[in-house]
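Enquirer: have a look at this fold, sequence not included:
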């Protein structure tokens, strides 16, 4: 635990220092980005606040067991008393002390609430658990968003390297073509076509660089950091192997960890607690009571006594709402229907997770087939390029053949970069849909 705390402190300190000097690029691993997001991402912080609010809700529910203590005090002006015979004749006026005072202290301690307080506490704890589950769901969502941005940066940087290699190769061809032009072996049109090819490559590289700036901005925004900071992906990241776990094992992990299933289960328990709360309305409530009164003057005597009277009592009070016998039926039926609805949602969530994991696992395996295909395509495109290059050097191929071969090679190399990243992306998508990211 101490090591983890030191690690988080180090990560936050590193992020703070880099934000202070935004001109320095940040080369970091994906897991370091997760830790930075945990400390700075606005969405994660919002859900942490929601958990704190739910914790306060539990304490509020527990406070219902605490005794109620109430005090009242008042002063008043009393008018004279008038008395009439029946029917309203022979009026008699009695002088009354005009200053009145009242003071009361009342205490009440619930002994039995029919289960409504206990159910309320359980409901508050379930709502706290729901807030924690929603926070974890949001954390998984934020992490998968970071994975997407991080992999895009990785993909774009490798695509930029592919463009650099092809630009260098095109420069070599242009140099060789210029030498052949001096020998009168090629036309100016050949050089023009090669230069046009080079300009297209430069344009493609510029677009890749612009896309990197856009993704880096989005990534730093998600991290809650300075948007001028440049994020550099770790080159050791792009390592993917066939999964050791079978689909059944992934399904088992998802059924145990997935927040959608957990939320549906918590929702069922919440509905069941609401049924108990509605049932408690039909039960009596028992409380211990104690009151102490100090009033004056004594108005229940005629003439009024200009004296103070103090009286107190302790006892047990029982309340029973008779109207709940016929008014509570519909609400109780509604609560029971909500339980059945939640149970259906549980089954629906489990089916949805099972389908998502199966699709993600299949896509992950398919991405390896795609990678092998693209590796073969690059091999063939490279062979074809060298063959056309040799034929062009010997004057047996046209410049258009050379350009076409270069474009095919470029497309194959870019597709191979994307296929490699797609393998890693599908792996993390599998972790995301199983909620183990």
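Expert: Received it, and whenever you're ready, just let me know what you need. None of the values given here were measured: they were computed from a predicted structure.

Enquirer: flag the shaky bits of the protein, pLDDT-wise.
Expert: The model of the chain has pLDDT under 70 over residues 1-23, 184-187, 235-243.

Enquirer: and the strands in it?
Expert: 26-28, 68-77, 81-85, 89-94, 99-112, 231-233, 285-296, 309-319 (DSSP state E).

Enquirer: in CSV, list those along with mean neighbour count and distance to residue 381.
Expert: C-betas here are computed from N, CA, C, even on glycine. Shown next, in CSV, are the strands of the chain (neighbours: other Cβ atoms under 10 Å; distance: least, Cβ to Cβ, whole Å):
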stretch, mean neighbour count, distance to residue 381
strand 26-28, 19, 32
strand 68-77, 10, 82
strand 81-85, 11, 112
strand 89-94, 9, 116
strand 99-112, 14, 81
strand 231-233, 20, 26
strand 285-296, 16, 82
strand 309-319, 10, 86
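
Enquirer: and the ones you listed as TSV, adding distance to residue 365?
Expert: Listed next are those as TSV, based on distance: least, Cβ to Cβ, whole Å:
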stretch	distance to residue 365
strand 26-28	30
strand 68-77	64
strand 81-85	96
strand 89-94	100
strand 99-112	60
strand 231-233	25
strand 285-296	62
strand 309-319	66
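
Enquirer: what residue is smack in the middle of this protein?
Expert: residue 138 (1.3 Å; Cα atoms, centre = their mean).

Enquirer: excluding chain neighbours, what is closest to that residue?
Expert: Distance criterion Cβ to Cβ, 6 or more residues apart in numbering; nearest residue to residue 138, sequence neighbours excluded, is residue 47 at 4.9 Å.

Enquirer: hmm, that neighbour is touching residue 135, no?
Expert: Yes. Between residue 47 and residue 135 there is a contact at 3.8 Å, judged by Cβ atoms under 8 Å.

Enquirer: residues contacting stretch 394-406, please?
Expert: 166, 169-170, 173, 185-186, 189-190, 193-194, 197, 381, 384-385, 388-389, 391-392 (Cβ atoms under 8 Å, 6 or more residues apart in numbering).

Enquirer: one more time with 10 Å, if that's ok
Expert: For stretch 394-406, contacts defined as Cβ atoms under 10 Å, 6 or more residues apart in numbering pick out 166, 169-170, 173, 177, 180, 185-187, 189-194, 196-197, 200-201, 381-382, 384-393.

Enquirer: which of those residues count as buried?
Expert: For these, a burial check counting by 16 or more other Cβ atoms under 10 Å picks out 166, 169-170, 173, 177, 180, 186, 190-191, 193-194, 197, 201, 381, 384-385, 388-389, 392.

Enquirer: residue contacts, residue 60?
Expert: 120, 121, 124.

Enquirer: now the helices for the stretch 251-400 of the chain?
Expert: Using DSSP state H, counting those that start in this stretch, the helices of the stretch 251-400 of the chain run over 259-280, 324-327, 329-393, 399-433.

Enquirer: please apply the same query to the stretch 101-250 of the chain.
Expert: With DSSP H, counting those that start in this stretch as the criterion, the stretch 101-250 of the chain has helices spanning 116-182, 188-223, 247-257.

Enquirer: so what's the gap between the first one and the chain middle?
Expert: In other words, helix 116-182. With Cα atoms, centre = their mean, to the nearest Å as the basis, helix 116-182 stands 17 Å off its chain's centre.

Enquirer: what is that helix packed up against?
Expert: helix 30-40, helix 42-62, helix 188-223, strand 231-233, helix 259-280, helix 329-393, helix 399-433 (3 or more Cβ pairs under 10 Å, 6 or more residues apart in numbering; DSSP states H and E).

Enquirer: swap in 8 Å and give it another go.
Expert: On a contact count with 3 or more Cβ pairs under 8 Å, 6 or more residues apart in numbering; DSSP states H and E, helix 116-182 meets helix 30-40, helix 42-62, helix 188-223, strand 231-233, helix 259-280, helix 399-433.

Enquirer: can you give me the neighbour number for residue 299?
Expert: When neighbours are defined as other Cβ atoms under 10 Å, residue 299 has 15 of them.

Enquirer: how about the contacts made by it?
Expert: Counted by Cβ under 8 Å, 6+ apart, residue 299 has contacts 78, 96.

Enquirer: so what's the backbone phi/psi at it?
Expert: Here is the backbone geometry of residue 299 (degrees, to the nearest 10): phi -90, psi -10.

Enquirer: what does the one 3 residues further on give?
Expert: Here is the backbone geometry of residue 302 (degrees, to the nearest 10): phi -120, psi 120.

Enquirer: closest one to residue 63 among the helices of the stretch 251-400 of the chain?
Expert: Residue 63 lies closest, by Cβ to Cβ, to one member of these: helix 259-280, at 16.9 Å.

Enquirer: figure out how far that closest one is from the centre of its chain.
Expert: The chain centre lies 22 Å from the centre of helix 259-280; the measure is Cα atoms, centre = their mean.

Enquirer: can you check what angle separates it from helix 116-182?
Expert: Here helix 259-280 runs at an angle of 160 degrees relative to helix 116-182 (axes from the mean of the first three to the mean of the last three Cα atoms, to 10 degrees).

Enquirer: same for helix 259-280, what does it pack against?
Expert: helix 116-182, helix 329-393.

Enquirer: now tabulate those helices in JSON lines and tack on distance to residue 84.
Expert: Formatted as JSON lines, those follow (distance: least, Cβ to Cβ, whole Å):
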{"stretch": "helix 116-182", "distance to residue 84": "50"}
{"stretch": "helix 329-393", "distance to residue 84": "50"}
